[in-house]
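Asker: have a look at this prediction, sequence included:
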Amino acid sequence: MPRITFSDLGREPFRVFFPEGVLAGLVGVALWPLHFAGLVRLYPGQAHGRIMAYGLFGGFIFGFLGTAMPRLLSAPPLGTRNVLLLLGLHFAMLLSFAAQRILWGDTLFLVLLFFFLVLMIRRARHRQDTPPPGFVLVGLAFLCVASGAVLALLQPRMDESGAYWIELQKRLTYQGFVLLPILGIGPFILPRFFGLPSPHEFSEMLAPSPAWKKRAALALGSGLLILASFFIELAGWPRVGHAIRFATVTLYLALEFPFRQAPKATNALGASLRIAFTALVGGFILIALFPAFRVGLLHLTLIGGFAVITFTVATRVVFGHSGNLEKLKGRNRWLLVAVALMLIGMATRISGDFWPRIMASHYTYGAIIWIAGVLLWSSYALPKVLQVESE
């Protein structure tokens, strides 16, 4: 396959953001074994959460949207200079969080987010097409994370009464920023995994059609219900909040995702997606049943759901843009093994919250196993970001 050129980075930012997202995930998870080994003195809770949200998931989100949105809008690509500037801000943010400079990292992320949104808005003003209706949830996700980033910057000035806003910041950042794009982008891209047409794919148009508006309204209503569940949870009803989140996501998946029409016998991508979405909603319902273990059980949604979906979709993007799409029709056992390692690492980490005596060792073992799964995925997928289609 031909190798990429410097100009390809400006058209397809995923080629640099996906590897940096992987790096962020490895650093964020490695903080736990390093802490328990005495090499990282400060408790890595805040740094870990931000690196995973802004670094791992943020890297994949910026890379995917930076590649897809200009094409969906029939607008010019971001350009190499802009992509490298975004990448530099993302890397500086990652270094700040890894060094426990939380305020610096929060500031850099807000600058990165602002610059990315400016680039997207400029292209939206000159668009020749309308993005898929589910992408209204992407806009809502950026509103969530922007609000969360501002709250994070204000956190050092908060007293004990600011605990509510700190908890809200976590939900907007660690859940809203990732869950809403998954629900918004999924109905457009995931049917391709099963060889099915997408109900969110419309012919080129500047003015949204009635059918587009109907699906956009469903997506927006679901997103607002999810946001409302955050406030309900923090108002003192955690069971109700998570039950609403579970019901909303499950119903939206049933209405807009192709799992019912998809063939039962499928490849590794389809199997990974089924597992991931089961874990995603499973985390919400388990927290509704056992709210005392919220932090641990939430990793079922974050790692088993969000992370596995992220790596599975990234597999499709990387193979598709490198001319290797035909290879995904095979069994691809390497992907199943990588996902299995990630899930075993997740389960090991969760178990540490149920038995405090083994917490340190299970956090460590879970981190090592998850890292092994990510490295296996990276060894098969990431080399292909250097390849382009022969056309």
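Answerer: That came in fine, so what should we check first? Residues are numbered from 1 along each chain as shown.
Asker: switch to C-alpha atoms for all contacts and neighbour counts from now on
Answerer: Noted.
Asker: check which element follows the helix or strand residue 143 falls within along the chain.
Answerer: Remark: residue 143 resides in helix 136-154, with elements defined by DSSP states H and E. Next helix or strand after helix 136-154 toward the C-terminus (DSSP H and E): helix 163-171.
Asker: who are the packing partners of the helix or strand that that following helix is followed by?
Answerer: For helix 163-171, the succeeding helix or strand toward the C-terminus, using DSSP H and E, is helix 177-189. With contacts defined as 3 or more CA pairs under 8 Å, 6 or more residues apart in numbering; DSSP states H and E, helix 177-189 has these neighbours: helix 136-154, helix 238-256.
Asker: now do the helix holding residue 143 and helix 163-171, the angle between them.
Answerer: With axes from the mean of the first three to the mean of the last three CA atoms, to 10 degrees as the basis, helix 136-154 and helix 163-171 are set at 140 degrees to each other.
Asker: any buried residues in helix 136-154, and which?
Answerer: Within helix 136-154, the residues that qualify as buried are 136-142, 144-149, 151-153, counting by 16 or more other CA atoms under 10 Å.
Asker: what's the closest of the helices and strands packed on helix 177-189 to residue 49?
Answerer: helix 136-154 (12.1 Å; CA to CA).
Asker: contacting residues around the closest one?
Answerer: 103, 106-107, 109-110, 113, 165-166, 168-170, 172-173, 176-178, 180-181, 183-185, 216, 219-220, 223 (CA atoms under 8 Å, 6 or more residues apart in numbering).
Asker: any low-confidence regions in the stretch 151-300 of the chain?
Answerer: Applying pLDDT under 70 to the stretch 151-300 of the chain flags the ranges 160-161, 264-266.
Asker: and if you look at the stretch 1-150 of the chain?
Answerer: 1.
Asker: that one: helices as residue ranges?
Answerer: 6-11, 14-36, 45-50, 58-72, 80-98, 102-125, 136-154 (DSSP state H, counting those that start in this stretch).
Asker: can you lay out these as CSV showing distance to residue 381?
Answerer: Putting those into CSV (distance: least, CA to CA, whole Å) gives the following:
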stretch, distance to residue 381
helix 6-11, 17
helix 14-36, 10
helix 45-50, 25
helix 58-72, 14
helix 80-98, 20
helix 102-125, 26
helix 136-154, 25
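Asker: list just the one of those that sits closest to residue 287.
Answerer: helix 45-50 (18.8 Å).
Asker: helices or strands next to the closest one in the packing?
Answerer: By 3+ CA pairs under 8 Å, 6+ apart, helix 45-50 packs against helix 14-36, helix 80-98.
Asker: buried set for the shortest one?
Answerer: Read that as helix 80-98. Buried-residue list, helix 80-98, by 16+ other CA under 10 Å: 80, 82-84, 86-87, 89-98.
Asker: other residues contacting the helix or strand where residue 221 lies?
Answerer: Using DSSP H and E, residue 221 falls within helix 210-234. With contact meaning CA under 8 Å, 6+ apart, helix 210-234 is reached by 132-137, 140, 164, 167-168, 171, 176, 180, 184, 200, 202, 238-242, 244-245, 248-249, 252.
Asker: about what we covered before: the helix holding residue 143 vs helix 102-125, what angle?
Answerer: Using the same axes, to 10 degrees: helix 136-154 against helix 102-125 is 150 degrees.
Asker: got the angle between helix 136-154 and helix 210-234?
Answerer: 30 degrees.
Asker: so residue 296 makes contact with residue 355?
Answerer: No. Residue 296 is beyond contact range of residue 355, at 11.2 Å (criterion: CA atoms under 8 Å).
Asker: and residue 12, how close does it get to residue 5?
Answerer: Residue 12 sits 11 Å away from residue 5, going by CA to CA, to the nearest Å.
Asker: neighbour count winner among these two?
Answerer: residue 12 (24 against 11; other CA atoms under 10 Å).
Asker: name the nearest residue to residue 337, ignoring sequence neighbours.
Answerer: residue 373 (7.4 Å; CA to CA, 6 or more residues apart in numbering).
Asker: residue 164: how many residues sit nearby?
Answerer: Residue 164, neighbours per other CA under 10 Å, totals 12.
Asker: excluding its backbone neighbours, what's nearest it?
Answerer: residue 234 (7.1 Å).
Asker: can you check residue 175 too?
Answerer: residue 302 (7.8 Å).
Asker: so for residue 296 and residue 355, which sits in the more crowded spot?
Answerer: residue 296 (20 against 10).
Asker: now the helices for the stretch 251-391 of the chain?
Answerer: Under DSSP H, counting those that start in this stretch, the stretch 251-391 of the chain gives helices at 268-289, 294-299, 308-321, 333-354, 359-381.
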